[in-house]
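**Q** Attaching a predicted model along with its sequence, questions to come.
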Amino acid sequence: MSASSKQVNSFGGARQIGSAAAWRTGRNGGPVLRRFSNDRSGSVALIFALAIVPLTAFVGLAVDYGRAYSVNTKTQAALDAAALAAGRVAQVEKTDSVNKAAAAASAFFNQAKPTNATVSSFVFTPNAANTEFTVTATTWVKTPFLGVLKTWFPQGADPDAPASCNSYSCVKMITTATAKVTIGGSQASNVEIALMLDVTGSMAGQKLADLKAAAKDLIDVVILDNQSQYTSRVALAPFADAVRPGPFLQQVRGLPPATNRFRDKQGRWQIYKLTDCVSERDGQAAYTDAAPIGNDKLGPVYTKSGSCNPQSQVVPLTQDKVLLKGTVDRLTAGGWTAGHLGTAWAWYLISPNWGSVWPNESAPAPYGDKSTRKIAILMTDGEYNLQYDASGIATRDNGAGAMNGLSDAQARQVCANIKAAGIEVFTVGFDLHEAKAIETLRRCATDESHFYLAENGDQLRQAYRDIALKISILRLTN
């Protein structure tokens with residue numbers, strides 16, 4: 001081949017380029033140009049070059065989102081555990097419960113929080129009644145791919161960003177969990193609570209004010225605002241010298257003696273007047289919750305003046321907070337301490353055997369009803385020191401002439417039967433120092449965890465809050 005028919009390529013090799021006629025054909029728009037115009041290899045490369053950036057960004061954002069989602073899930077689980085831990089501590093601790101609950105929440109969160117993120121804050125917030133505990137965490141998650149996009153669309157640095165986290169490569173997440181008290185105990189259920197309230201003379205002044213505050217605290221906690229799924233009802237049994245049944249007097253009191261002339265301790269005849277209060281009953285129904293029918297009705301109370309303490313009457317089971325708290329606010333102090341009567345009436349108010357006495361809406365649930373929890377809360381500030389003889393005349397201190405013996409002995413027997421009926425009993429001694437009185441309350445309680453001694457008003461309110469929380473369960477609300 002002649003030199004004129006060869007061309008050296010740029011890589012030093014040689015190739016046949018064809019005849020002059022063929023070249024001219026190509027140069028005039030022949031097969032060479034057509035092949036070139038039909039070649040799409042350059043277009044594919046260009047399209048791929050243009051698509052690689054958004055594809056990379058999409059994959060990167062998916063990675064960032066997955067990381068953030070994982071951190072958020074772990075943070076939520078840690079906060080749930082922290083909120084429940086706080087509520088549980090508040091339920092069982094008798095002193096400084098809020099601070100201990102906060103410490104428990106922090107400890108649980110620190111143990112379970114995600115390790116691949118930065119937590120810049122953890123906040124514990126109880127509500128005023130200590131029945132709702134909210135924990136909130138602020139978490140920063142590194143998102144490097146999102147950081148690249150932020151360089152194209154800068155928004156400025158977040159002033160809250162921690163030093164370890166550049167605002168262009170992190171996202172901020174705020175996560176919250178709330179544990180709320182729900183009434184019912186280990187399993188949510190209906191609740192019936194009877195409050196025995198000591199309004200004797202020794203409770204006058206600040207002590208009565210403290211009792212009112214504590215009782216209203218408990219009512220606020222245990223009476224549910226929404227009663228559609230479970231019901232919670234409270235009954236009140238104020239006591240002093242005796243108990244005042246109010247509109248239920250004629251149903252529960254037996255026939256008074258035919259005479260109102262009785263001998264006093266010195267054997268002298270005295271004129272007494274029948275009151276609107278009732279005393280204990282004797283015979284086979286003495287320490288029971290038998291229905292007040294026939295011979296099982298309660299004894300009368302006679303005094304020289306015809307008046308009796310307490311001035312406040314009993315309130316059967318109700319979910320009416322206004323009624324309950326209004327009754328508590330109107331309590332007045334006066335009289336001696338017939339604690340066995342207050343104890344018995346706390347039982348009567350939640351006993352199904354007394355259901356026919358109360359209005360339909362106040363009728364207690366049957367014993368053995370698995371959907372209902374029955375609770376009696378007994379409170380006093382002194383030794384039980386008054387009981388009655390068969391005529392309805394009070395005998396004090398040594399119990400001379402009392403038909404059933406001393407008040408504290410009667411109270412212990414009633415308590416034993418209350419617990420045997422499956423009723424849970426809490427007892428609270430307020431500024432109580434008599435060993436005999438303390439022992440009576442201790443024996444009446446279901447167990448040691450149900451027994452409280454409060455030295456002052458703050459401790460009394462704490463005791464009632466603690467009882468309210470023990471009656472309750474915790475559930476997460478968000």
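**A** Cool, got the structure. Numbers count the residues shown, from 1 in each chain.

**Q** going forward, measure contacts and count neighbours with C-alpha atoms only.
**A** Will do.

**Q** Strands of the stretch 351-478 of the chain, start to end?
**A** In the stretch 351-478 of the chain, the strands defined using DSSP state E, counting those that start in this stretch lie at 372-380, 386-388, 394-396, 424-430, 451-454, 472-476.

**Q** Highest mean neighbour count out of these?
**A** Among those, strand 386-388 has the highest mean neighbour count (mean count of other CA atoms under 10 Å), at a mean of 30.

**Q** what are the pairing partners of it, and which direction each?
**A** Taking DSSP bridges as the criterion, strand 386-388 sits next to strand 394-396 (antiparallel) in its sheet.

**Q** Can you list the residue ranges for helices in the protein?
**A** Using DSSP state H, the helices found in the chain span residues 20-27, 31-37, 41-92, 97-112, 144-152, 206-222, 249-252, 321-329, 339-348, 407-420, 435-444, 457-470.

**Q** could you dump those to TSV with mean neighbour count and mean pLDDT?
**A** As requested, the helices of the chain are arranged in TSV below (neighbours: other CA atoms under 10 Å; pLDDT from 0 to 100):
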stretch	mean neighbour count	mean pLDDT
helix 20-27	12	41
helix 31-37	11	51
helix 41-92	17	72
helix 97-112	19	89
helix 144-152	16	60
helix 206-222	20	94
helix 249-252	16	96
helix 321-329	16	97
helix 339-348	28	98
helix 407-420	20	97
helix 435-444	18	96
helix 457-470	22	90
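
**Q** can I get those in TSV with distance to residue 171?
**A** Listed next are the helices of the chain as TSV, based on distance: least, CA to CA, whole Å:
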stretch	distance to residue 171
helix 20-27	61
helix 31-37	50
helix 41-92	8
helix 97-112	21
helix 144-152	9
helix 206-222	39
helix 249-252	70
helix 321-329	47
helix 339-348	58
helix 407-420	58
helix 435-444	57
helix 457-470	39
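
**Q** For residue 173, which of those helices is the nearest?
**A** helix 41-92 (7.5 Å; CA to CA).

**Q** Count the residues that sit near residue 294.
**A** 11 (other CA atoms under 10 Å).

**Q** Next up, the contacts around it.
**A** The neighbours of residue 294, taking CA atoms under 8 Å, 6 or more residues apart in numbering as the test, are residue 254.

**Q** I'd assumed residue 466 was in contact with residue 217.
**A** No. Taking contacts as CA atoms under 8 Å, residue 217 lies outside contact range of residue 466: 10.4 Å.

**Q** Quick check, residue 202 in contact with residue 334.
**A** Yes. Look at residue 202 against residue 334 with CA under 8 Å: they come within range, at 7.4 Å.

**Q** Just want to know which of the two has more residues nearby.
**A** The neighbour count for residue 202 versus residue 334, taken as other CA under 10 Å, is higher for residue 334 (20 against 17).

**Q** Give the partner strands of the longest strand along the chain in its sheet and their orientations.
**A** Criterion DSSP state E: the longest strand present in the chain is strand 170-183. If you go by DSSP bridges, strand 170-183 pairs up with strand 132-142 (antiparallel), strand 472-476 (antiparallel).

**Q** Tell me how far the first one lies from the chain's centre.
**A** Put plainly, it is strand 132-142. Distance, stretch centre to chain centre, for strand 132-142: 22 Å (CA atoms, centre = their mean, to the nearest Å).

**Q** out of the strands of the stretch 351-478 of the chain, which comes closest to residue 460?
**A** Closest of the strands of the stretch 351-478 of the chain to residue 460 is strand 451-454, at 5.1 Å (criterion: CA to CA).

**Q** In the sheet, which strands lie alongside that closest one, parallel or antiparallel?
**A** Using DSSP bridges, strand 451-454 pairs in its sheet with strand 424-430 (parallel).

**Q** The strand it pairs with vs helix 206-222, what angle?
**A** 150 degrees (axes from the mean of the first three to the mean of the last three CA atoms, to 10 degrees).

**Q** Give me the mean pLDDT for strand 424-430.
**A** Per-residue pLDDT over strand 424-430 has a mean of 98.

**Q** In CSV, please show the C-alpha coordinates belonging to that strand.
**A** The C-alpha coordinates for strand 424-430 follow below in CSV (Å, rounded to 0.1, in the frame of the first residue of the first chain):
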residue,chain,number,x,y,z
GLU,A,424,-58.3,-2.9,102.2
VAL,A,425,-57.7,-0.7,105.3
PHE,A,426,-55.3,2.3,105.5
THR,A,427,-54.8,4.0,108.9
VAL,A,428,-53.4,7.5,109.6
GLY,A,429,-52.4,8.8,113.1
PHE,A,430,-52.1,12.5,113.2
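
**Q** Please list the residues outside it that contact it.
**A** By CA under 8 Å, 6+ apart, the residues outside strand 424-430 that reach it are 374-382, 418-419, 438, 441-442, 444-446, 450-456, 460, 463, 467.

**Q** for stretch 173-182, same thing?
**A** For stretch 173-182, the surrounding residues in contact (CA under 8 Å, 6+ apart) are 72, 75-76, 79-80, 83-84, 87, 131-141, 188, 469, 472-478.

**Q** chain center to the longest strand of the chain, what's the gap?
**A** With CA atoms, centre = their mean, you get 16 Å for strand 170-183.

**Q** Give me the angle between that strand and helix 457-470.
**A** Using the same axes, to 10 degrees: strand 170-183 against helix 457-470 is 90 degrees.

**Q** Can you convert the strands paired with strand 170-183 into TSV and add a column each for mean pLDDT?
**A** Converted to TSV, those look like this (pLDDT from 0 to 100):
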stretch	mean pLDDT
strand 132-142	87
strand 472-476	72
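
**Q** got CSV for those, with distance to residue 118 too?
**A** Putting the strands paired with strand 170-183 into CSV (distance: least, CA to CA, whole Å) gives the following:
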stretch, distance to residue 118
strand 132-142, 5
strand 472-476, 25
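
**Q** how about the ones you listed, which one is nearest residue 353?
**A** Closest to residue 353 of the strands paired with strand 170-183, according to CA to CA: strand 472-476, at 26.0 Å.

**Q** now residue 316, nearest residue through space, not along the chain?
**A** In space, and not counting its chain neighbours, residue 316 is closest to residue 235: 4.8 Å by CA to CA, 6 or more residues apart in numbering.
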